[in-house]
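heads up, no residue letters with this:
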Ligand code: FES
């Protein structure tokens, strides 16, 4: 892969067997983690950081979806987010968005496509 902004995540097939994956990353100079998941067959990734009280979405439970499976849910106070846009649907943070991370897929391998992202092993 020649494009230097592409950073390998792994086979997209791995996402079909789990609710989500996390990866430690440095993004725009901050050490954090990324959530990666499939929703309606499409891969999405967001910085794992809830804008409400600055906690990872999975801080209290090993889960990032609500019971319906239609919304991302922060396990700290239960705020929900549109998984396709990261937009908060809960009144306090209505309209604010999780930080989306661009992805690309080549030959079954998923990559971060972000210049300012570095995976941390
Ligand atoms: S920290 Fe996420 S809902 Fe409060």
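Arrived safely, thanks for sending. All values reported here derive from a predicted model rather than from experimental measurement.

hey, let's count contacts and neighbours off CA atoms from now on
Will do.

report the distance from the helix or strand containing residue 45 to the chain centre.
Taking DSSP states H and E as the criterion, residue 45 maps to strand 42-47. Distance of strand 42-47 from its chain centroid, counting by CA atoms, centre = their mean, to the nearest Å, is 4 Å.

and it, what's buried?
43-47 (16 or more other CA atoms under 10 Å).

elements contacting the helix or strand hosting residue 111?
Using DSSP H and E, residue 111 sits in strand 109-113. Applying 3 or more CA pairs under 8 Å, 6 or more residues apart in numbering; DSSP states H and E, one finds that strand 109-113 contacts strand 6-11, strand 103-106.

now what about whichever helix or strand comes after the longest one, what contacts it?
By that I understand strand 6-11. Moving toward the C-terminus from strand 6-11, the next helix or strand (DSSP H and E) is strand 21-27. The contact list for strand 21-27 (CA atoms under 8 Å, 6 or more residues apart in numbering) reads 9, 15, 31-37, 116-121.

now with 6 Å, please.
31-36, 116-120 (CA atoms under 6 Å, 6 or more residues apart in numbering).

for the ligand, what are the nearby residues on the chain?
50, 52-55, 74, 76-79 (CA under 6 Å from any ligand atom).

among those residues, name the ones in strands.
Among these, no residue falls in strands (DSSP state E).

now the strand holding residue 45: mean pLDDT?
Mean per-residue pLDDT for strand 42-47: 98.

domain assignment for this structure?
The record's domain parsing of the chain by automatic domain parsing lists 1-49+99-121, 56-97.

so how far is the ligand from residue 116?
Noted for residue 116: a distance of 25 Å to the ligand, by CA to the nearest ligand atom, to the nearest Å.

pretty sure that residue contacts residue 29?
No: counting by CA atoms under 6 Å, residue 116 sits too far from residue 29 to count as a contact (7.8 Å).

in space, what's closest to residue 118 - neighbours in sequence excluded?
Once flanking residues are discounted, residue 118 sits nearest to residue 26: 5.0 Å by CA to CA, 6 or more residues apart in numbering.
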